[in-house]
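Peer 1: Quick one, structure for this:
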Amino acid sequence: MLKQGDIIMVNVNPTKGHEQAGHRPFIILSNKHYNNVSTLVIGCSISNTSSDWVFNVDLPEGMKTTGKIKTDQLRSLDLGARGYRFVESAPEEVVVECLEKLNAIVDSE
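Peer 2: Below you'll find the model as predicted:
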């Protein structure tokens, strides 16, 4: 079973507008409790953009996966319907930074 922080390759199409599209890396941010009871996972696409957007989280050097996690483009995916390939797990500090960015987006003011 996939866990929080796992990075997979998955086709995220169909998409609309400014959403990340195509076959791309995706980090799972939903926790094991959610993943155990749902057929979905929740996470974010990873892009090789050079943008320094405040909600992007950089992946550290030395990983197979390169780029920035787009935490402002959270989405749920049914991996049973899409299929995927496991790539690697992100370091805990990357997951924590992603969750902090998400909290900044959804926390009440």
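Peer 1: Identify all contacting residues around the lowest-mean-pLDDT helix or strand in the chain.
Peer 2: Least confident helix or strand of the chain, by mean pLDDT, DSSP states H and E, is helix 79-82 with a mean of 88. Helix 79-82 is contacted by residues 2, 8, 10, 11, 39, 40, 41 when judged by CB atoms under 8 Å, 6 or more residues apart in numbering. For every residue, glycine as well, the C-beta is placed using N, CA and C.
Peer 1: So what's the residue count around the fifth one?
Peer 2: Spelled out, it's residue 39. 11 (other CB atoms under 10 Å).
Peer 1: Likewise for the third one?
Peer 2: A count of nearby residues for residue 10, using other CB under 10 Å, gives 20.
Peer 1: For it, list the residues it contacts.
Peer 2: Taking CB under 8 Å, 6+ apart as the test, what residue 10 contacts is 23, 24, 26, 77, 79, 82, 83, 84, 85.
Peer 1: What helices and strands are in contact with the helix ranked longest in the chain?
Peer 2: If you go by DSSP state H, the chain has its longest helix at helix 92-106. Counting by 3 or more CB pairs under 8 Å, 6 or more residues apart in numbering; DSSP states H and E, the packing neighbours recorded for helix 92-106 are strand 23-28, strand 56-58, strand 68-77.
Peer 1: May I ask which of the contacts of residue 10 has the most neighbours?
Peer 2: Within the contacts of residue 10, most neighbours by other CB under 10 Å means residue 26, with 28 neighbours.
Peer 1: Identify the bridge partners of that residue.
Peer 2: As for beta bridges, residue 26 partners with residue 8, residue 45 under DSSP bridges.
Peer 1: Test my guess that it contacts residue 65.
Peer 2: No: counting by CB atoms under 8 Å, residue 26 stays clear of residue 65, with 9.8 Å between them.
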